[in-house]
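> Next one to model:
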Amino acid sequence: MDENGTYSWPGGQNTRPKKKPDFKRAGRTVIAVIAALLVLAVALTCFYTVDDKQQAVVTTFGKVTDVTEAGVHFKLPLGIQKVEKVDVNVYQKIELGYSSSGNSYEVNDSESTMITGDYNIVNVDFFVEYKISDPVQYLYSSNEPELILRNLIQSQIRNVVGSSSVDAVLTDGKESIQMQVKELVTEILKEYDIGLTLVDVKIQDAEPPTQEVIEAFKAVETAKQQAETVINDAKAYQNAQLPQAQAQADQLIQNAEYLKQKRINEAIEKVAMFEAMYSEYAQNPAITRTRMYYEAVSQVLPGVKLYINTGGQGGDVQMLLPLESLAGTEGGNAK
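Below is the predicted model of the structure:
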């Protein structure tokens, strides 16, 4: 045996050959390990756990196919089925007029300041509890169900406070206000069907506003009264001027109707005259034409006396007749 631990026979030749590494076997081993890990990973994604306070909505290719309760459940892997867990047995809160975190308390005047039915200002804070009653509707019927609920509660609170007296809001009417708000919001939530249920509504605090807010409210009310006064004055002026304007309009319409009827009557009269003249012309064209000529000359030369020679050529001057006498004896000469 030499220094490397290799046996050799006399003659200096090594009779035991060296082993070559088996790369194929090593590759198969690595592939098997990777495959096992992949199978294990896929197997782990096939199971999910739902807590006692949750429900899980299962979708298959984006379509809701199941809602599971608490426990361990199986789902198809590789994104075929997806699970979204929702806290359904948990009371959640909404704070209106204030926000609290630990020991800190911050007032929100934009939410708490309200006007009562007797036109007073109050600051009212509300504490609201709700829970998710339908996880499918909660997830897929609207984009922001909590925001919808918050806006709805604010709206109904202002409606109820706006129809209550300031004494009721600050003293003995709180319970009635809470009940009214809860009933109104509950009815509307049924119509909206966003998967939320209102549990409770409570007035956390109610107090008169600060002096600064009161002064601002008075300024607004004064401006409103001034605006109403201006509107009433404008309406009074309108009511005073409108009958006069209407009378003038009626007079103009009557005058127009009179002129229209007058023109129509004149046109009818002229048509009748023309038809009568045409009838005479049809019977005696020459006489009628001569008559029309004389009348036209008398209209063109109203200040000149005209004489008509009735004796023809070479007739005596005494045979000339004035035109105006013809008008008096027009009927006899025409025969």
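> residue boundaries of the helices in the protein?
Using DSSP state H, the helices of the chain run over 23-45, 109-112, 135-140, 145-162, 166-170, 174-192, 211-283, 285-300, 323-328, 330-333.
> Of all these, which one is nearest Ile121?
Judged by Cβ to Cβ, the one of the helices of the chain that comes nearest to Ile121 is helix 211-283, at 5.1 Å. No exception for glycine: its C-beta is placed from N, CA and C like everyone else's.
> Quick one: mean pLDDT for the closest one?
On average, the pLDDT along helix 211-283 is 82.
> Measure how far that helix is from the centre of its chain, please.
Relative to its chain's centre, helix 211-283 lies at 36 Å (Cα atoms, centre = their mean, to the nearest Å).
> same thing with stretch 133-147?
Relative to its parent chain, stretch 133-147 has a centroid offset of 24 Å by Cα atoms, centre = their mean.
> Straight-line length of it, end to end?
16 Å (Cα to Cα, to the nearest Å).
> same deal with stretch 202-211?
Stretch 202-211 end-to-end distance (Cα to Cα) = 26 Å.
> cool, and stretch 188-201?
15 Å.
> can you pull the buried residues of that stretch?
Applying a neighbour-count criterion of 16 or more other Cβ atoms under 10 Å, one finds Ile188, Leu189, Tyr192, Ile194, Gly195, Leu196, Leu198, Val201 buried in stretch 188-201.
> so the fourth one sits right up against Ser142, yeah?
Read that as Ile194. Yes - at 4.9 Å, Ile194 counts as touching Ser142 under the criterion of Cβ atoms under 8 Å.
> Find residues that contact each of the two.
Ile148 (Cβ atoms under 8 Å, 6 or more residues apart in numbering).
> tell me the pLDDT at Ser110?
On the pLDDT scale, Ser110 gets 87.
> With Val58 instead?
95.
> That one and Val90: what is the separation?
20 Å (Cβ to Cβ, to the nearest Å).
> cool, and Asp125?
Between Asp125 and Val90 the computed distance is 23 Å (Cβ to Cβ).
> Tell me which of those two has more neighbours.
Asp125 (19 against 10; other Cβ atoms under 10 Å).
> what's near enough to touch the more buried one?
Glu95, Leu96, Gly97, Tyr98, Val107, Ser112, Ile203, Gln204, Asp205, Ala206.
> want to throw the helices of the chain into TSV with distance to Lys82?
Formatted as TSV, these follow (distance: least, Cβ to Cβ, whole Å):
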stretch	distance to Lys82
helix 23-45	11
helix 109-112	37
helix 135-140	11
helix 145-162	20
helix 166-170	48
helix 174-192	26
helix 211-283	51
helix 285-300	106
helix 323-328	114
helix 330-333	115
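> Just tell me which of these ends up closest to Tyr119.
helix 211-283 (7.4 Å).
> Which PyMOL command selects the buried ones in the contacts of Asp125?
Only the buried members of those enter the following PyMOL selection, criterion being 16+ other Cβ under 10 Å:
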select buried, resi 95+96+97+98+112+203+206
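> any idea which of the contacts of Asp125 is least confident?
The lowest pLDDT within the contacts of Asp125 belongs to Val107, with 86.
> what's the domain layout of the protein?
Under the assignment automatic domain parsing, the domains of the chain span 23-87, 92-209, 219-275, 284-333.
> rewinding a little: now for the buried residues of stretch 188-201, which pair is the farthest apart?
Gly195 and Val201 (18.8 Å).
> ok, Lys93 - how many residues close by?
Residues near Lys93, counting by other Cβ under 10 Å, number 11.
> show me the contacts for the nearest residue to Ile94 once chain neighbours are set aside.
Leaving aside its chain neighbours, Ile94 sits nearest to Val128 (4.1 Å; criterion: Cβ to Cβ, 6 or more residues apart in numbering). For Val128, the contacting residues are Lys93, Ile94, Glu95, Leu96, Ile153, Leu198, Asp200, Val201, Lys202, by Cβ under 8 Å, 6+ apart.
> Just put those residues in JSON lines and tack on distance to Thr290.
Formatted as JSON lines, the contacts of Val128 follow (distance: Cβ to Cβ, whole Å):
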{"residue": "Lys93", "distance to Thr290": "115"}
{"residue": "Ile94", "distance to Thr290": "109"}
{"residue": "Glu95", "distance to Thr290": "112"}
{"residue": "Leu96", "distance to Thr290": "107"}
{"residue": "Ile153", "distance to Thr290": "104"}
{"residue": "Leu198", "distance to Thr290": "108"}
{"residue": "Asp200", "distance to Thr290": "114"}
{"residue": "Val201", "distance to Thr290": "109"}
{"residue": "Lys202", "distance to Thr290": "114"}
